[in-house]
Structures are given as C-alpha cells and as structure tokens.
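Enquirer: Compute the structure for the input listed below.
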Amino acid sequence: MMAVGTAVIGSLQFGYNTGVINAPQNIIESFYNETWSSRFSEPIPQTVLTALWSLSVAIFSIGGMFGSFSVGLFVNRFGRKNSMLMANVLAFIAALFMGLSKLAASFEMLIVGRFVVGLYCGLSTGFVPMYVEEISPTSLRGALGTLHQLGVVIGILMAQVFGVCKRCAVCCVLLSTVSPSVQLFVVERVGRRPLHLVGLMGMAVSAVFLTVAMALLDQLSWMSYVSIAAIFSFVAFFEIGPGPIPWFIVAELFSQGPRPSAIAVAGLSNWSANFLVGIGFPYVEQLCGPYVFIIFIVLLLGFFTFTYFKVPETKGRTFDEISAGFRQSAGHGPDKYSAPEEFNTLRGDDPDL
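Expert: From the prediction side, this is the model:
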C-alpha cells in the first residue's frame with residue numbers, strides 16, 4: 001500500500017496541474033500585459049493576449065502527448081520505478097520555470113514551464129497505472145487501479161479550492177472525488193465491464209437531458225435546475241466507469257512485453273482528445289449552440305457499442321485467461337496457441353521480458 005500510495009502522488013500532480021490554470025486567469029493575463037508593456041511600451045493587443053492565454057492552456061496537453069508517447073521508451077530502458085523517479089526531475093524544472101517567470105519578466109518561461117509539467121504528467125499517466133497494476137494482487141488489481149483516478153480528482157479539487165473557484169465547480173469536483181472512493185469498494189465485486197457500460201450509457205442519457213434543458217432554457221426557467229442536475233449526473237457517471245477504468249484496464253489486457261507500448265498509445269489517445277476538445281469546443285459551441293452535446297451523445301453510444309461487443313471482463317482473470325478468451329472470440333479455438341507460446345511471440349527476442 002505504501003508503494004501504491006507513493007506512486008499515486010504522480011496522479012495527484014496531473015490533476016492539480018490540469019485544474020490550477022483556470023483560477024488565476026486574470027492574474028496571468030495581467031502579467032502578460034505588464035511584460036508586453038515593459039518590452040514594447042504599449043498595451044498588449046487583445047488578439048495577442050487571447051493567443052498567449054490559449055497557448056498557455058493548450059501547451060500542457062501538447063506536453064502530455066509527447067510524454068505519454070514516450071512511456072515505452074523509458075520503462076523498457078530504465079524500468080518502472082526508475083522511470084517514475086526520473087520523471088520527478090521534470091516537475092522540479094517546471095516549477096522553477098513557472099516560479100521564476102515573474103522575477104525574470106518572461107511569459108515565455110511560464111509557457112515553457114507549462115509544457116514541461118505537461119511532459120511530466122504525460123509520463124505519469126503511463127507510469128502510475130502500469131506500476132500499480134503490476135504490483136497489485138489479482139484480487140485487488142481493480143480496486144487499487146482506481147486510486148490513479150482518485151489521485152487525479154483530488155489534485156483537481158486542491159487546485160479549485162486554492163483558486164477559490166465558483167461553488168458549482170467545487171461541488172462537481174467533490175462529486176468526482178466521492179465517486180472513485182465508492183468505486184474502490186465495488187469494482188472487484190461488480191467488474192470493470194459492467195461499470196464501464198453503465199458509466200457510458202449514464203453519460204449519454206445525462207447529455208440528452210442537458211441538451212434538452214439548454215434548448216428549452218429560454219422558454220422554461222426551471223430548466224436551469226435540470227441542466228445542473230444533468231451536469232452532476234454526467235460527472236458522476238464519468239467517475240463510475242469511463243474516468244478510472246480505461247487507465248488500468250489497458251495494462252490488464254496486455255502482457256508485460258507489449259504493455260508499455262499499449263499504454264503509450266492509450267495515453268496519446270487520451271491527451272490528443274483533451275487537446276482537440278480544449279481547442280475545438282469553443283468553436284463547435286458557437287456553431288451548434290445548445291445542441292453541441294449531441295456530438296458527445298453519438299460518440300458515447302459508439303463507445304458503448306464497442307465496449308459491449310469487443311471489450312472483455314478482466315476482473316479476477318490473469319493475462320493468460322484474458323488472452324485465451326480473445327482467441328476463442330476470434331474463432332481460433334482455445335488450443336491453437338498456448339499462453340506461454342503467445343507470450344513468447346509477443347516478447348520477441350528480448351530475454352528480459
């Protein structure tokens with residue numbers, strides 16, 4: 001438990017740096033304006049200020065994309081534990097860049113610091129779930145795997161509280177913190193697949209109610225309460241399944257040899273989606289108005305269908321059993337390859353795997 005708790009500190013850093021940028025927006029923009037004025041003796045143009053702010057937010061996800069895709073390079077060369085220790089150096093470097101940016105009157109240092117901490121968080125989102133999964137006993141693998149998401153939402157909560165953000169935002173994060181705590185006790189009873197399916201369908205239904213509420217808000221004032229309830233419901237269902245489960249189920253589906261590469265691809269997909277949503281959502285919202293969440297509804301239903309037909313249950317199953325299930329579902333029969341033979345095929349020529 002001590003090893004798992006220590007590893008999850010990296011997840012807390014990820015959550016904190018995800019949520020911390022929003023609260024001090026006005027302070028950061030004032031700093032940008034002061035720095036620009038001292039350099040060029042004129043106020044910063046609004047378009048440039050908006051671009052710098054957007055870059056400050058988006059550069060975190062870009063760093064995360066690079067970091068997550070580099071997970072395999074680190075763990076295959078240095079191992080899981082040493083990779084986590086080495087990644088911490090990036091957190092200190094990022095803190096120095098961001099902490100000294102005002103003293104140096106350089107908004108470039110702040111942006112570089114955001115990139116470096118994104119790089120650190122991208123690495124952590126691969127290292128932590130992999131390490132926790134590999135040191136956990138099979139009977140507790142799912143429960144301990146949810147601690148990664150719990151660390152993330154606790155970090156976001158800390159960022160919101162320190163930033164003294166709006167009450168609704170803090171309530172959402174509190175709900176996000178409670179849900180993984182509950183899942184910690186039910187994931188090994190119910191299983192990954194049912195929780196993921198319930199979460200996806202619950203998010204889709206919540207998004208339907210949210211879309212209806214937003215469309216009718218001008219006609220019916222009480223729809224504002226429906227929209228708030230739908231938002232809370234959406235967050236709760238996200239934390240039931242789609243929030244924590246994808247982080248550790250990838251590690252369960254692959255043997256030790258290809259596992260780092262699989263987690264790297266999964267992490268890159270996650271960070272790329274975060275970047276695209278962060279950059280594109282304001283423009284899509286302007287185009288679609290209150291119907292913007294229909295896009296999410298369609299995607300969620302697609303994810304639900306794929307999970308229902310293709311994703312196996314991994315609760316209490318070893319990799320050999322999961323692999324045999326894949327072979328059976330593919331129509332090859334259970335005896336075409338033995339589990340050790342398949343592992344040797346995946347391992348290739350590396351004798352250390």
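
Enquirer: Okay, now the unreliable bits of the protein?
Expert: Residues of the chain that meet the criterion pLDDT under 70 lie in 164-167, 329-353.

Enquirer: Spatially central residue in it, please.
Expert: Nearest residue to the geometric centre of the chain (C-alpha atoms, centre = their mean): residue 270, 6.2 Å.

Enquirer: wait, isn't it in contact with residue 68?
Expert: Yes: between residue 270 and residue 68 there is a contact under C-beta atoms under 8 Å: 7.1 Å. C-beta coordinates here come from the backbone N, C-alpha and C atoms, glycine included.

Enquirer: Quick check: phi and psi at the residue sitting furthest away from the middle of the chain.
Expert: Going by C-alpha atoms, centre = their mean, the residue of the chain most distant from its centre is residue 41, 41.4 Å out. Backbone torsions of residue 41, given as degrees, to the nearest 10, read phi 60, psi 40.

Enquirer: picking up where we left off before, need the contact list for the residue nearest to the centre of the chain.
Expert: Counting by C-beta atoms under 8 Å, 6 or more residues apart in numbering, residue 270 touches 68, 125, 246.

Enquirer: who wins for neighbours among those residues?
Expert: residue 68 (27 neighbours; other C-beta atoms under 10 Å).

Enquirer: ok, that one to residue 14 distance?
Expert: Relative to residue 14, residue 68 is positioned 11 Å away (C-beta to C-beta, to the nearest Å).

Enquirer: intersection of neighbour lists for those two?
Expert: residue 125.

Enquirer: Contacts only, for residue 29.
Expert: Contacts of residue 29 (C-beta under 8 Å, 6+ apart): 49, 53.

Enquirer: buried stuff in the helix or strand harbouring it?
Expert: Following DSSP states H and E, one finds residue 29 within helix 25-40. In terms of neighbour count (16 or more other C-beta atoms under 10 Å), helix 25-40 has its buried residues at 28-29, 31-33, 35-36.

Enquirer: helix, strand or coil for residue 315?
Expert: coil (DSSP: H, G, I helix; E, B strand; the rest coil).

Enquirer: Give me the neighbour count for it.
Expert: 20.

Enquirer: What of residue 133?
Expert: Count around residue 133 with other C-beta under 10 Å applied: 21.

Enquirer: packing partners for the strand or helix carrying it?
Expert: Using DSSP H and E, residue 133 falls within helix 107-135. Judged by 3 or more C-beta pairs under 8 Å, 6 or more residues apart in numbering; DSSP states H and E, the packing partners of helix 107-135 are helix 2-19, helix 25-40, helix 46-69, helix 71-78, helix 80-99, helix 141-162, helix 245-253, helix 259-288.

Enquirer: Would you reformat the buried residues of helix 25-40 as CSV and include distance to residue 301?
Expert: Listed next are the buried residues of helix 25-40 as CSV, based on distance: C-beta to C-beta, whole Å:
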residue, distance to residue 301
28, 38
29, 39
31, 44
32, 42
33, 45
35, 47
36, 46
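
Enquirer: Let me know the closest of these to residue 139.
Expert: If you rank these by distance to residue 139 using C-beta to C-beta, residue 28 comes first, at 46.5 Å.

Enquirer: pretty sure that closest one contacts residue 110?
Expert: Yes: the pair formed by residue 28 and residue 110 meets the contact definition of C-beta under 8 Å, at 7.3 Å.

Enquirer: so what sits against both of those two?
Expert: By C-beta under 8 Å, 6+ apart, the residues touching both residue 28 and residue 110 are residue 56.

Enquirer: I'd like the helices and strands packed on helix 107-135 as TSV, with distance to residue 171 appended.
Expert: Below are the helices and strands packed on helix 107-135 laid out as TSV (distance: least, C-beta to C-beta, whole Å):
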stretch	distance to residue 171
helix 2-19	14
helix 25-40	20
helix 46-69	23
helix 71-78	34
helix 80-99	28
helix 141-162	10
helix 245-253	24
helix 259-288	22
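
Enquirer: how about those, which one is nearest residue 326?
Expert: Closest among the helices and strands packed on helix 107-135, using C-beta to C-beta: helix 245-253, at 8.5 Å.

Enquirer: what angle do that closest one and helix 107-135 make?
Expert: If you take axes from the mean of the first three to the mean of the last three C-alpha atoms, to 10 degrees, helix 245-253 sits at 50 degrees to helix 107-135.

Enquirer: Which neighbouring elements make contact with helix 245-253?
Expert: So helix 245-253, by 3+ C-beta pairs under 8 Å, 6+ apart, packs with helix 107-135, helix 141-162, helix 192-215, helix 259-288, helix 319-329.

Enquirer: and residue 81, which of those helices is closest to it?
Expert: Closest among the helices and strands packed on helix 245-253, once you apply C-beta to C-beta, is helix 107-135, at 7.2 Å.

Enquirer: re the thing from before, tell me the buried residues in the helix holding residue 133?
Expert: Counting neighbours by 16+ other C-beta under 10 Å, helix 107-135 gives 107, 109-133 as buried.

Enquirer: can you check stretch 209-216 too?
Expert: So for stretch 209-216, counting by 16+ other C-beta under 10 Å, buried means 209-214.

Enquirer: In TSV, list those along with distance to residue 193.
Expert: TSV is the format used below for those (distance: C-beta to C-beta, whole Å):
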residue	distance to residue 193
209	25
210	26
211	27
212	29
213	30
214	32
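
Enquirer: Report how many residues lie close to residue 227.
Expert: 18.

Enquirer: And for it, nearest residue in space, chain neighbours not counted?
Expert: residue 213 (3.9 Å; C-beta to C-beta, 6 or more residues apart in numbering).

Enquirer: Done for today, thanks.
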